[in-house]
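>>> Predicted model follows, preceded by the sequence.
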Amino acid sequence: MDLKKLAALYKDELMDNVLPFWLEHSQDHEFGGYFTCLDRQGNVFDTDKFVWLQGREVWLFSMLYNKVEKRQEWLDCAIQGGEFLKKYGHDGNYNWYFSLDRTGRPLVDPYNIFSYTFATMAFGQLSLATGNQEYADIAKKTFEIILSKVDNPKGKWNKLHPGTRDLKNFALPMILCNLALEIEHLLDADYLEKTMEVCIHEVMEVFYRP
């Protein structure tokens, strides 16, 4: 296997096909944010906007701008998505809805912790790309809310019946490890280390079976 040839193939596919597709077809130039329900031709078949996917796209184009190349079109794409999320994605106290309609009206209440995690990632990278302190503050505030929800991520929307089988989700400590590193530039070193220790404890001493 020619690894250099394979790497070039992946890079070309990403840069020449995947990214131009999303830049052209996913941006909602009328209401802001992104369409994420697209067919292979780029036609929109559902205009609902899922907050975790909005956050992913803000993160993606911010990260590309930060780490790959300073392309203005990438930064503009990230900023317009970030502004849509900032205005419509939460209830005013950074409790992030699960989904919105095209114009930004909430459809599903903030029951899902992953809306919060991807919003944090999005604004963390966007703050790096822009130097905007407001974006940094949104990322830090949302991260604090996530940590406060670790023991009961769904809050009042938790559907488990207590006392019969107390289930615990593995996804949250996994993504928290990644999330803490994503916003490392916004966290105090001691705070970061404590968060990582909690995550490692969950994985290695709670979930892991020798």
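The structure has been received and is ready for your questions.

>>> Show me where this structure dips below the pLDDT cut-off.
Of all residues in the chain, those with pLDDT under 70 make up the ranges 151-161.

>>> mind running it again at 90?
Scanning the chain for pLDDT under 90 picks out the ranges 1, 111, 147-181, 187-210.

>>> Quick test: name the residue nearest the centre of it.
Against the mean C-alpha coordinate of the chain, by C-alpha atoms, centre = their mean, the closest residue is residue 118 at 1.8 Å.

>>> Report all helices and strands that the helix or strand encompassing that one contacts.
When secondary structure is defined using DSSP states H and E, the element that contains residue 118 is helix 113-130. Helices and strands touching helix 113-130, by 3 or more C-beta pairs under 8 Å, 6 or more residues apart in numbering; DSSP states H and E, are helix 51-67, helix 72-88, helix 133-148, helix 171-182. In this view, the C-beta of every residue, glycine as well, is placed from N, C-alpha and C.

>>> And the second one, what's buried?
By that I understand helix 72-88. Residues 74-75, 77-82, 84-86, 88 are the ones in helix 72-88 that count as buried (16 or more other C-beta atoms under 10 Å).

>>> what do you get for the shortest one?
Across helix 171-182, burial judged by 16+ other C-beta under 10 Å covers 172-173, 175-177, 179-180, 182.

>>> and residue 168, helix, strand or coil?
Each residue gets one of three states, and residue 168 gets coil by DSSP: H, G, I helix; E, B strand; the rest coil.

>>> which residues does it contact?
Residue 168 makes contact with 206-207, according to C-beta atoms under 8 Å, 6 or more residues apart in numbering.

>>> contact partners of stretch 133-142?
82, 86, 94, 96, 116, 119-124, 126-127, 183, 186-187.

>>> So which of these is the closest to residue 58?
Of all those, residue 122 has the smallest distance to residue 58: 3.7 Å, by C-beta to C-beta.

>>> How many residues are close by residue 98?
Residue 98: 17 surrounding residues under other C-beta atoms under 10 Å.

>>> In contact with residue 189, which residues?
Listed by C-beta under 8 Å, 6+ apart, residue 189 has no contact partners.
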